[in-house]
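**Student:** Have a look at this prediction, sequence included:
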Amino acid sequence: MKILMLGELASIGVMLAKGFTSLGVDVDHFAHQHSWRKDAGFNSLTSNNRFRVVRGLYRYLNPLFLKTQLQKKYDVVLMVDYKPFQTTNAINQHVIKAIQDNIGPTFLWLGGCDARTREWMKGNNFSICNSCLLYDQKSFVCAQEKNAKFQDAILSGVTGIIPNAFEYHEAHKNNKKVTEPIQMPMECEPLKNNFPKNSFKILHGLNRYGFKGTQIVENVFSALNDGRYPGAEFKISGQQTLDNWLGLLNEHHVIVDQLYNKSLGMNSLYILGSGRILVAGDVAPASALFGIPKPPMISTEPSIEGLTRALSSILESGETLKHYQEESIQYVKDHHSPKLVAQKFINIFGL
């Protein structure tokens, strides 16, 4: 059995490819390297040439060359993104259709915002869209809405749509192509760090200011850093490579991730898999959808008051929270292992 994977989102494809390999499945994974995360583990479509013009030409031409290289040697194609190629909608659509016509069934692992998610969010989780529009996009119109026609064209050509989060499932569940949802995979990498008795180093990763609710985190960190909790440290870190981010996890005990979420993202899984205390939104809806227990974490409402209560409770509980370390790691092993997730894909593909 041979699978072609296209695209990458926060190492989700890399983790899944490991799962396929552990099952004895042959997988080729082609993707562009993110400009600041510097993900690795796939066949990179990104040029490292020092000349910007050459890099730009390579980005546009490489997908066209790729389609001629891929013969009918794959059983199935799995796209990890609507736009697996860092170029125009037209080129993406052209290359994807050529691959579909010449290889076979194509599935989209839906793991990012799109026009349909935006429409669903308006009536079900408006806060995250409002915050994203205000701080990240600085616009009254969501960029995803402008891509609706392109996204619909991609959806019309795939065999199946596989959501990996509660929000994306709810936005697309009326589409007959939607399959059983499959959660994101994560390989545990426990980090060494003595658990404190009465002080914590608390971290928040800033990569999408409004989407993650960083404006709330800034207010709460500033307020709690007034001396009432001696020894407590608060840090907000900007965009980091994956290696640097894992290094920061090693130095901290509590990580505040996205506050508006209803599902675990890859960053939350990195946090749990490393044995850190995760503070984020309530993921009970996603747990129910996947039929798995809610993870060992601290859930908070997306507000200054809610996050203040959550962090104050942690800072006052001290060493009594050390059970979260082992429980978090075991949870990821039990419910998000790459091998377990990959097997779910094999079941859907019917291979």
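**Tutor:** Received it, and whenever you're ready, just let me know what you need.

**Student:** can you list the domain ranges for the chain.
**Tutor:** For the chain, the structural domains run 2-185+338-349, 201-335, going by automatic domain parsing.

**Student:** The ones you listed: lowest mean pLDDT?
**Tutor:** Mean pLDDT is lowest for domain 2-185+338-349 among those, at a mean of 87.

**Student:** Mind putting the domains of the chain into CSV with distance to F195?
**Tutor:** Where you see a C-beta, it was placed from the backbone N, CA and C, and this is true even at glycine. As requested, these are exported to CSV (distance: least, Cβ to Cβ, whole Å):
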stretch, distance to F195
domain 2-185+338-349, 26
domain 201-335, 4
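
**Student:** May I see the ones you listed arranged in TSV, with mean neighbour count as well?
**Tutor:** Below are these laid out as TSV (neighbours: other Cβ atoms under 10 Å):
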stretch	mean neighbour count
domain 2-185+338-349	18
domain 201-335	19
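
**Student:** pretty sure G19 is in contact with K339, am I right?
**Tutor:** Yes: contact criterion Cβ atoms under 8 Å: G19 and K339 qualify, at 4.9 Å.

**Student:** Once you drop chain neighbours, what's closest to P196?
**Tutor:** Of all residues not flanking P196 in the chain, H253 sits nearest, at 6.2 Å (Cβ to Cβ, 6 or more residues apart in numbering).

**Student:** how about the one you found, what does it touch?
**Tutor:** Neighbouring residues of H253 by Cβ atoms under 8 Å, 6 or more residues apart in numbering: 193, 195-196, 200-202, 276-277.

**Student:** distance of it from E326?
**Tutor:** To E326, H253 is 14 Å away according to Cβ to Cβ, to the nearest Å.

**Student:** again with T159
**Tutor:** Using Cβ to Cβ, T159 is found at 41 Å from E326.

**Student:** Let me see the residues that make contact with stretch 221-237.
**Tutor:** Stretch 221-237 has contacts (Cβ under 8 Å, 6+ apart) with 196, 198-206, 214, 217-218, 245, 248, 252, 304, 308, 311-312, 315.

**Student:** and the end-to-end length of that stretch?
**Tutor:** Taking Cα to Cα, to the nearest Å as the measure, stretch 221-237 stretches 13 Å from start to finish.

**Student:** Repeat that for stretch 225-241.
**Tutor:** 27 Å.

**Student:** how far does it sit from the chain's center?
**Tutor:** Put simply, stretch 225-241 sits 24 Å off its chain's centre (Cα atoms, centre = their mean, to the nearest Å).

**Student:** Tell me where the stretch 1-150 of the chain has helices.
**Tutor:** 12-22, 52-69, 89-102, 115-124, 126-131, 143-146, 148-157 (DSSP state H, counting those that start in this stretch).

**Student:** surely A284 meets K294?
**Tutor:** Yes: using Cβ under 8 Å, A284 makes contact with K294 at a distance of 5.5 Å.

**Student:** quick revisit: quick one: mark the members of the contacts of stretch 221-237 that sit in helices.
**Tutor:** The helices, defined by DSSP state H, take in 214, 217-218, 245, 248, 304, 308, 311-312, 315 from those.

**Student:** Nearest to L23 among the residues you listed?
**Tutor:** For the ones in helices among the contacts of stretch 221-237, the closest approach to L23 (Cβ to Cβ) belongs to W245, at 28.2 Å.

**Student:** And what about K235, helix, strand or coil?
**Tutor:** When classified by DSSP: H, G, I helix; E, B strand; the rest coil, K235 comes out as strand.

**Student:** For it, name its beta-bridge partners.
**Tutor:** L203 (DSSP bridges).
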